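Enquirer: Return atomic coordinates for the entry below.
(2 chains)
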Number of protein chains: 2
Amino acid sequence: MGPHIVKSFDDDLIAIQAKIAEMGGKAEDLLRQALEAVEKRDKALAQKVIDADKKIDALEMEIEEMATTVIALRQPMAQDLRVLISALKICSTLERIGDLAKNISKRAMMFSKAGPLTITSSIVRMGRATLAQLTEVLDAYTSRDTAKAVAVWQKDVDIDEMYNALFREVVTYMMEDSRMIGAGSQMLFIAKNLERIGDHTTHISEMIHYIVEGKPLGDDRPKGEPLGLDLE
Amino acid sequence: MGPHIVKSFDDDLIAIQAKIAEMGGKAEDLLRQALEAVEKRDKALAQKVIDADKKIDALEMEIEEMATTVIALRQPMAQDLRVLISALKICSTLERIGDLAKNISKRAMMFSKAGPLTITSSIVRMGRATLAQLTEVLDAYTSRDTAKAVAVWQKDVDIDEMYNALFREVVTYMMEDSRMIGAGSQMLFIAKNLERIGDHTTHISEMIHYIVEGKPLGDDRPKGEPLGLDLE
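Expert: The predicted model follows:
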């Protein structure tokens, strides 16, 4: 195999990782804008997020095609193969994060006039913490920083705890004013979507660990049992 | 390449597809038992589902390792490569379906004494429809039946509509009796988990189409906008 072929394979890997970084950046943008739409009750911005999600879907298909072609045409081994397998998994994860940001925007459009400001600010605070985790894990992916990836993975328990506190806050609020049950239910789902984005973020941590170390991260992640109230 | 090697590669593919079928069967079992736990308020059965989810997680790791090894050691092309790439994606999807069944069981444990029977029966009906879709798509996977896979994909809109109707039913119920807001919120999430299982089922349809036809299924799936109430 001549140096030209080797160079070109490296180029393939670099291109795929650059696409993942691009897709990750877009997922961050969508989440940031979705939170702003919730905070400011901004329907136009919510619509912008809904429309922009298509670009993320297109990037997923592009990355899938690139990674599949490289696996088929080259015979990648060891870490190179893990980079490609992970690219397939991370692009699915980022696509789902985009979907969840879109779903938050759709729900935000539904209560643009309703809903108390204290709960909105709790949601936005939880959302900012989730976004910070996503930013961290994408940095860790670019720099192949396992320690940083593991730190994100461990910190997800904070998001779970914020979710549980928010669930209680919203349910209490719905109990006090039954006219707000509809809007409150939408808020519960926005909070749940953020909690799921947190979970997807930990999947990216696990993929970074898999790329660098060649084995899974293990199954003992601290979890906050994000179920909301205990009702018995 | 001698016939022995060819035979052995076929064996690898057959073994991976058998593992997917096994994992799919376990996901069906978990969902069936989770619904029974909801219906009968059966905490022991709910606990059984929670414990059994670990087996699904172990199967996912086993399939990932098998598929990755085969991709690395052989140089699969065309449909063989698609079978392997799909195996990686389908085992992630089945793992998430198992997680959602586990989550339904955890929530079922929380309102084992509370909650009205009419809503429970609506949830169980939606759950049975979701389970039937999962069974269909796993059959379609085993028989590589694209027409059946596409039929499942198109029928997911019915699940979305059941979800929207159930959402309205639960919210109305919570408005009538504010003591039930906690239990009602858990029921909303059980319904949402079923709706997500329906979505994951359509991802398996898409993978079957990709294996057989070599291209994605397209983006025009009929969708029911499963957001619940319009609140403005």
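Enquirer: Can you report how many residues lie near the closest residue to A:Phe111 other than its chain neighbours?
Expert: Of all residues not flanking A:Phe111 in the chain, A:Ala183 sits nearest, at 4.4 Å (Cβ to Cβ, 6 or more residues apart in numbering or on different chains). Where you see a C-beta, it was placed from the backbone N, CA and C, and this is true even at glycine. Look at A:Ala183: counted by other Cβ atoms under 10 Å in any protein chain shown, it has 24 neighbours.
Enquirer: Equivalent analysis for A:Pro222, please.
Expert: Neighbours of A:Pro222 under the rule other Cβ under 10 Å: 11.
Enquirer: got it, and A:Arg74?
Expert: Using other Cβ under 10 Å: A:Arg74 sits among 18 other residues.
Enquirer: State the distance from it to B:Gln186.
Expert: According to Cβ to Cβ, to the nearest Å, A:Arg74 and B:Gln186 sit 50 Å apart.
Enquirer: show me where pLDDT drops low in chain A?
Expert: By pLDDT under 70, the low-scoring segments of chain A are A:1-7, A:112-117, A:218-220, A:224-232.
Enquirer: Tell me if the lengthiest helix in it is near chain B.
Expert: In chain A, with assignment by DSSP state H, the single longest helix is helix A:3-40. No - judged by Cβ under 8 Å from any Cβ of the partner chain, helix A:3-40 stays clear of chain B, getting no closer than 13.6 Å.
Enquirer: so how far is that helix from its chain's centroid?
Expert: In terms of Cα atoms, centre = their mean, to the nearest Å, the centre of helix A:3-40 is found 13 Å from the chain centre.
Enquirer: Any idea how far the following helix or strand past it is from the middle of the chain?
Expert: As assigned by DSSP states H and E, the chain's next helix or strand after helix A:3-40 is helix A:43-73. Distance of helix A:43-73 from the chain centroid (Cα atoms, centre = their mean) equals 14 Å.
Enquirer: Provide a list of residues in contact with A:Arg82.
Expert: Contact partners of A:Arg82, counting by Cβ atoms under 8 Å, 6 or more residues apart in numbering or on different chains, are A:210-211, A:214, B:68.
Enquirer: nearest to A:Glu136, of those?
Expert: Of all the contacts of A:Arg82, A:Ile211 has the smallest distance to A:Glu136: 16.5 Å, by Cβ to Cβ.
Enquirer: picking that back up, name the helices or strands packed onto the longest helix of chain A?
Expert: Packing partners of helix A:3-40 (3 or more Cβ pairs under 8 Å, 6 or more residues apart in numbering or on different chains; DSSP states H and E): helix A:43-73, helix A:78-110, helix A:117-143.
Enquirer: Give the buried residues for the second one.
Expert: Burial within helix A:78-110, assessed by neighbour count using 16 or more other Cβ atoms under 10 Å in any protein chain shown, is assigned to A:80-110.
Enquirer: same thing with the last one?
Expert: Of the residues in helix A:117-143, those buried under the neighbour-count criterion (16+ other Cβ under 10 Å) are A:119-120, A:122-124, A:126-127, A:129-131, A:133-138, A:140-141.
Enquirer: which residues sit in contact with the residue nearest to A:Met77 when sequence neighbours are not counted?
Expert: Nearest non-adjacent residue to A:Met77, counting by Cβ to Cβ, 6+ apart: B:Ala72, 5.6 Å away. Contact analysis of B:Ala72 by Cβ under 8 Å, 6+ apart lists A:75-78, A:81.
Enquirer: related to what we said a few turns ago, buried ones only from the contacts of A:Arg82, please, as a PyMOL command.
Expert: PyMOL command restricting the contacts of A:Arg82 to the buried ones, with burial defined by 16+ other Cβ under 10 Å:
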select buried, (chain A and resi 210+211) or (chain B and resi 68)
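Enquirer: Next up, the contacts around the residue nearest to A:Met66 when sequence neighbours are not counted.
Expert: Excluding the flanking residues, the one nearest A:Met66 by Cβ to Cβ, 6+ apart is A:Ile16, at 5.2 Å. By Cβ under 8 Å, 6+ apart, the residues touching A:Ile16 are A:63, A:66-67, A:70, A:83-84, A:87.
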